[in-house]
Structures are given as C-alpha cells and as structure tokens.
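> Could you look at this predicted model? Sequence included:
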Amino acid sequence: MNGNEMFEALVARGPHPDIAQSANAIYAPFVGSWDVEVFDLESDGARRVSRGEWHFAWILEGRAMQDVLMVPPRGERRNGVLAKGNRRFRDDRHRRARVSGHLPRACARTERGRGRSIARPARRRHV
C-alpha cells in the first residue's frame, strides 16, 4: 500500500446517505480549501495575526469530516508550522458533533451547529 491508496481509502466524495441532513447542512459549506487569517491573543493582550490554510473534506465513506489547519501556509514556511487536524462525527442522538482534535498534544471538544455557524463551549478539556 502506498500513500495514494491510503488517501483514496480515507477521503470520500461527499456525505454518506445515512448522514442526517442537519450534518450535511452544517459541514457542506466548509468543504474545500481556504486561505485564512488566524488571530491569537498574547498574554499581554496584544493581538497577533497570522496567515494560514485550512482544508476540509468528507472522510470514512462520508460518515465524518476531516480538517487540517496549517499556519503559515505551506508556500510561506521557514521555521516550522502549526499543523492541526480535527475529525467531526455527527451525533444525531445528542444533536451535536463529536470532535477529535490533534495538535502536538491531543484536544477533545464538542461543537453544535447554530444556523450556518459552529459554536463551541468555551471550556476545553486536554487529554
């Protein structure tokens, strides 16, 4: 098996037919690649702005959404990069998405769709 076969097994062309319409409505607008600005607040209150790239795709036969955030964008890398990935699985029973995030250390959080946006609770639990 090579990397291309892994990619083909992971990435899906769209949401699985069993996925609730609500999950498709929340995540479908994000599918694709985006140029983004990331705003970080420093401990002294200063705001730092960085450029990045954010990619979203359906995975696992369309049963989940994967995203990858890279800051700075690949074309601007010099001294390292912040790379972060999340997987979102829709939990229709509880009407929210289960999110598994991965940085140098793993993060777990929950999100809820609110119209065309995604809301996260302010509290994070680090694993």
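Sure, I can see it. Numbering: from 1, shown residues only.

> how long is stretch 40-50 end to end?
Chord length of stretch 40-50, first to last residue, is 8 Å (CA to CA, to the nearest Å).

> buried set for it?
By neighbour count, with 16 or more other CB atoms under 10 Å as the criterion, stretch 40-50 contains no buried position. In short, each C-beta sits where N, CA and C put it, glycine included.

> how far is that stretch from where the chain is centred?
Taking the mean C-alpha point of stretch 40-50 and that of its whole chain, the gap between them comes to 22 Å (CA atoms, centre = their mean, to the nearest Å).

> Show the low-confidence segments of the chain, by residue range.
1-3, 20, 22-24, 79-81, 102-127 (pLDDT under 70).

> Spatially central residue for it, please.
Among the residues of the chain, Asp67 comes closest to the average C-alpha position under CA atoms, centre = their mean, at 3.3 Å.

> that's a strand at His16, yeah?
No - if the criterion is DSSP: H, G, I helix; E, B strand; the rest coil, then His16 is coil and not within a strand.

> nearest spatial neighbour of it, skipping sequence neighbours?
With CB to CB, 6 or more residues apart in numbering as the measure, Gly62 is the residue that lies nearest to His16, at 3.6 Å, once sequence neighbours are left out.

> Now do the contacts for the one you found.
Gly62 is in contact with Ala12, Arg13, Gly14, Pro15, His16, Ile19, counting by CB atoms under 8 Å, 6 or more residues apart in numbering.

> Among those, which one has the most neighbours?
Sorting these by how many neighbours each has (other CB atoms under 10 Å) puts Pro15 first, at 22 neighbours.
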